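Participant: pasting a predicted model and its sequence here:
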Amino acid sequence: SDNGNTFNSVASLNNGFFGLVETTTGGVVLVAKEENGLGKLYRSTDNGSTWSQVTNIDLEDGIVRAISKLENGALAVVTKSNVFKTTDGGSTWTSIKGNGTFTVHPNGAGDIWRVGLTVNASGHYYFSNLNELHISTNGGSTWTRKNGVNGTNLFEPVFDGNNNLIIGSNNNGFYTTTNN
């Protein structure tokens, strides 16, 4: 009503660093948070009024690298070595790393926050990490590495209004394709 001039705090979680937030229909909000050096994932089912820690997902390294909205209200969480998907607002999680053709955290590199997972209008998943782009056309069961993106520190892939893929890199500019 005031064009974004007034904001209200809705996160009633204790102190800590809030890194990633994603929402879906029905009031579900996921928040990745760091507390005392440990990563945690929290879920709200009432638009942020109340929160509970998500404990039914294996955050093996304690850090959530990305949270992404997928098709039909599904959400995905990327950890150091896996990708998990929920289709029920975070009540249950399934690994969608599939055939394991990519490494979320390649070559033992230090902290990488530039990982991304997105979905196009056809339901194909696009995952980027430090220097690789992978595509799944079957919901994460199998993944194929795509060559032709030669940048480093790839950013999250996005799609324009015509469903063209755009991905940026830290030192080689932007890449785009209409053949996706």
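Facilitator: Ah, there it is.
Participant: how many residues are close by E156?
Facilitator: Neighbourhood size, E156 [other C-beta atoms under 10 Å]: 16. The C-beta positions use only the backbone N, C-alpha and C, and glycine is treated the same way.
Participant: use 4 as the first number from now on
Facilitator: Done: numbering now begins at 4, and the last item shifts to E159.
Participant: who are the contact partners of it?
Facilitator: Residues counted as contacts of E159 (C-beta atoms under 8 Å, 6 or more residues apart in numbering) are A69, S71, R117, V118, G119, L120, T121, S131, I170.
Participant: list the contacts for S71?
Facilitator: Neighbouring residues of S71 by C-beta under 8 Å, 6+ apart: E25, L78, A79, V81, G119, L120, T121, V122, E159.
Participant: circling back to that earlier point, give me the lowest-pLDDT entry from the contacts of E159.
Facilitator: pLDDT across those is lowest for R117, at 64.
Participant: so for the residue nearest to T95 when sequence neighbours are not counted, what's the pLDDT?
Facilitator: Distance criterion C-beta to C-beta, 6 or more residues apart in numbering; nearest residue to T95, sequence neighbours excluded, is T89 at 6.3 Å. pLDDT, T89: 88.
Participant: what bridges to T89?
Facilitator: Taking DSSP bridges as the rule, T89 bridges to L78.
Participant: mind checking how far it is from W96?
Facilitator: Per C-beta to C-beta, to the nearest Å, T89 is found 5 Å from W96.
Participant: which of those two has more neighbours?
Facilitator: T89 (23 against 20).
Participant: I figured the more buried one hits G76, correct?
Facilitator: No: applying C-beta atoms under 8 Å as the test, T89 and G76 come out as separate, 9.5 Å apart.
Participant: which ones among the contacts of E159 map onto strands?
Facilitator: If you go by DSSP state E, the contacts of E159 have A69, S71, G119, L120, T121, S131, I170 in strands.
Participant: next up, the contacts around the first one.
Facilitator: Shown here is A69, whose contacts under the criterion C-beta under 8 Å, 6+ apart are L23, A79, V80, V81, V118, G119, L120, E159.
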